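Visitor: Can you look at this prediction? I've put the sequence above it.
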Amino acid sequence: MAQIPTRTGCSGELTRKQTGDAWEQNARRWLENRGLRFVAANVRMRGGEIDLIMRDGAVTVFIEVRYRRSTRYGGAAASVSRSKQHKLLQTARWWLARQNGSFDTVDCRFDVVACDGSHIEWLKNAFGE
């Protein structure tokens with residue numbers, strides 16, 4: 001797995017964004033090593049963002065990457081709330097429409113890559129419509 005870069009400066013700590021970006025990059029490489037093909041990253045629309053969009057064979061996979069330093073407050077997977085799931089669904093619906101598709105015409109699923117400390121867990125088909 002790739003090294004998480006350190007920020008130059010007084011504190012030597014990464015910002016939340018830098019940490020998130022680094023873990024998303026690690027998750028992408030980790031998934032590519034398991035056979036998924038990269039399509040897009042950080043797809044944004046008003047009110048939502050999809051961290052990664054990849055292909056698993058013929059299936060379009062929308063991926064939420066979550067990182068938590070520890071599992072003290074439920075861990076990374078538990079942090080994907082019902083509200084976050086709704087935002088991901090809306091953003092995926094919008095992205096599919098821009099690709100001339102929909103949930104009815106494209107085989108897709110929603111996965112979560114949960115990173116707790118240095119442990120990575122891949123939750124396939126973690127939630128749906």
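Guide: Good, I have the coordinates.

Visitor: Going by C-alpha atoms from here, please, whenever you check contacts or count neighbours.
Guide: OK.

Visitor: pLDDT-wise, which helix or strand of the protein ranks last?
Guide: In the chain, the helix or strand scored least confidently by mean pLDDT, DSSP states H and E is helix 75-78, which has a mean of 64.

Visitor: For this structure, which segments count as helices?
Guide: For the chain, the helices defined by DSSP state H occupy 16-32, 75-78, 82-98.

Visitor: Now the first one: buried residues?
Guide: By 16 or more other C-alpha atoms under 10 Å, the buried positions in helix 16-32 come out as 19-31.

Visitor: Extract the C-alpha set from that helix and format it as CSV.
Guide: The C-alpha trace of helix 16-32 is given here as CSV (Å, rounded to 0.1, in the frame of the first residue of the first chain):
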residue,chain,number,x,y,z
ARG,A,16,-8.5,16.2,7.0
LYS,A,17,-8.7,16.7,3.2
GLN,A,18,-5.1,15.5,2.6
THR,A,19,-5.8,12.5,4.8
GLY,A,20,-9.0,11.7,3.0
ASP,A,21,-7.4,12.1,-0.5
ALA,A,22,-4.6,9.8,0.5
TRP,A,23,-6.9,7.1,1.8
GLU,A,24,-9.1,7.4,-1.4
GLN,A,25,-5.9,6.9,-3.5
ASN,A,26,-4.9,3.9,-1.4
ALA,A,27,-8.4,2.5,-1.7
ARG,A,28,-8.3,2.9,-5.5
ARG,A,29,-5.0,1.0,-5.8
TRP,A,30,-6.3,-1.6,-3.4
LEU,A,31,-9.4,-2.2,-5.5
GLU,A,32,-7.5,-2.1,-8.7
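
Visitor: Fine by me, we can end here.
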